[in-house]
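Undergrad: heads up, no residue letters with this:
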């Protein structure tokens with residue numbers, strides 16, 4: 001029995017402002033049209049072609065210049081949903097975010113893939129999602145009800161409100177070294193199998209860590225974070241090799257408790273993912289906090 005061919009979208013809307021995008025999306029939904037939002041299209045377009053996703057209409061956001069804006073406040077950074085990975089690669093205000101963007105996909109993917117697309121796809125080991133989870137980011141949206149903001153974890157768990165368009169993400173300005181590491185087929189050429197982000201904030205005397213690729217969404221390593229805060233010499237911003245090993249062990253143990261866990265194949269067992277999470281966490285901790293390492297420092 002042959003599967004039915006993919007149904008192409010019959011209508012394409014091309015708004016020029018966020019307001020127009022919200023109105024177009026609302027109008028399509030009110031008419032009972034199955035509609036999707038298109039940003040970079042690196043995930044959505046193949047899914048539509050294969051029939052994995054279906055839509056009667058597409059609201060294409062490429063022309064909405066408001067979504068391409070990056071901004072910096074006294075304490076926060078705002079990154080528009082239409083900002084591409086290539087736009088972020090050289091962003092000195094967030095070296096950890098820049099490092100994350102550098103190892104996403106191929107050059108073509110980095111040129112077209114966007115922040116909003118990453119949020120919409122919500123891949124379990126998505127590079128950007130892992131970093132933003134560690135950064136305690138929040139998601140900004142616009143809808144007929146007005147603007148809103150959601151903690152990233154809540155957004156990923158439930159998605160945006162019906163009829164809402166993601167406009168940006170907001171995260172704190174760096175307060176210390178940050179880094180992002182992943183294990184994949186060939187690093188940037190393939191999606192991550194397991195990913196890890198570590199951010200150190202010397203002003204708040206805190207360390208945050210997120211692991212992607214073990215559970216269905218990136219997870220914070222809260223027990224390891226608390227232990228690390230006590231192991232770091234905040235006067236110098238350094239820690240010992242023993243502290244790095246302890247941190248790695250705590251992350252490995254926490255990864256094994258993540259539920260629901262991702263289904264795994266023979267080449268990527270659960271035990272492998274747990275071990276990989278600890279290895280990456282230890283390396284990231286070392287890069288940020290051991291004097292001989294070369295962390296990604298804010299400038």
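TA: Structure's in. What do you need? For clarity, every value in this text was computed on a predicted model and none was experimentally measured. Numbers count the residues shown, from 1 in each chain.
Undergrad: For residue 132, list the residues it contacts.
TA: Residue 132 sits next to 152, 169, 171 when contact means C-beta atoms under 8 Å, 6 or more residues apart in numbering. Every residue, glycine included, has its C-beta placed from N, CA and C.
Undergrad: Would you agree the last one falls within a helix?
TA: No: the assignment for residue 171 (DSSP: H, G, I helix; E, B strand; the rest coil) gives strand, which keeps it out of a helix.
Undergrad: mind checking how far it is from residue 25?
TA: Separation of residue 171 from residue 25 (C-beta to C-beta, to the nearest Å): 26 Å.
Undergrad: Neighbour count: these two, which is higher?
TA: A direct count of neighbours by other C-beta atoms under 10 Å for residue 171 and residue 25 places residue 25 higher, at 25 against 21.
Undergrad: Surely the more buried one touches residue 165?
TA: Yes: if you go by C-beta atoms under 8 Å, residue 25 and residue 165 touch, sitting 6.4 Å apart.
Undergrad: so what sits against both of these two?
TA: Taking C-beta under 8 Å, 6+ apart as the contact rule, residue 25 and residue 165 both touch residue 37.
Undergrad: show me where pLDDT drops low in the stretch 51-200 of the chain?
TA: Residue ranges of the stretch 51-200 of the chain with pLDDT under 70: 51-52, 185-191.
Undergrad: let's see it at 90
TA: 51-62, 90, 103-113, 117-126, 157-163, 184-193 (pLDDT under 90).
Undergrad: residue ranges of the helices in it, please?
TA: In the stretch 51-200 of the chain, the helices defined using DSSP state H, counting those that start in this stretch lie at 85-89, 95-102, 107-112, 115-121, 127-134, 152-158.
Undergrad: ranking those by burial, who's on top?
TA: Per residue and on average, the most neighbours among the helices of the stretch 51-200 of the chain fall to helix 127-134, with a mean of 28 (mean count of other C-beta atoms under 10 Å).
Undergrad: how far out from the middle of the chain is that helix?
TA: Mean C-alpha position of helix 127-134 versus that of the full chain (C-alpha atoms, centre = their mean, to the nearest Å) differs by 4 Å.
Undergrad: before we move on, what about stretch 153-172?
TA: On the basis of C-alpha atoms, centre = their mean, stretch 153-172 sits 12 Å off its chain's mean C-alpha point.
Undergrad: Quick one: end-to-end distance for that stretch.
TA: Its first and final residues considered, stretch 153-172 spans 16 Å by C-alpha to C-alpha, to the nearest Å.
Undergrad: Same check on stretch 231-238?
TA: Across stretch 231-238, first to last residue, C-alpha to C-alpha, it's 9 Å.
Undergrad: Can you give me the buried ones in that stretch?
TA: By 16 or more other C-beta atoms under 10 Å, the buried positions in stretch 231-238 come out as 231, 232, 237.
Undergrad: Wait, residue 82 touches residue 113, no?
TA: No: contact criterion C-beta under 8 Å: residue 82 and residue 113 do not qualify, at 10.9 Å.
Undergrad: Identify the single longest strand in this protein, thanks.
TA: strand 192-201 (DSSP state E).
Undergrad: for that one, packing partners?
TA: Where contact means 3 or more C-beta pairs under 8 Å, 6 or more residues apart in numbering; DSSP states H and E, strand 192-201 is packed against helix 95-102, helix 127-134, strand 178-184, strand 206-212, helix 270-289.
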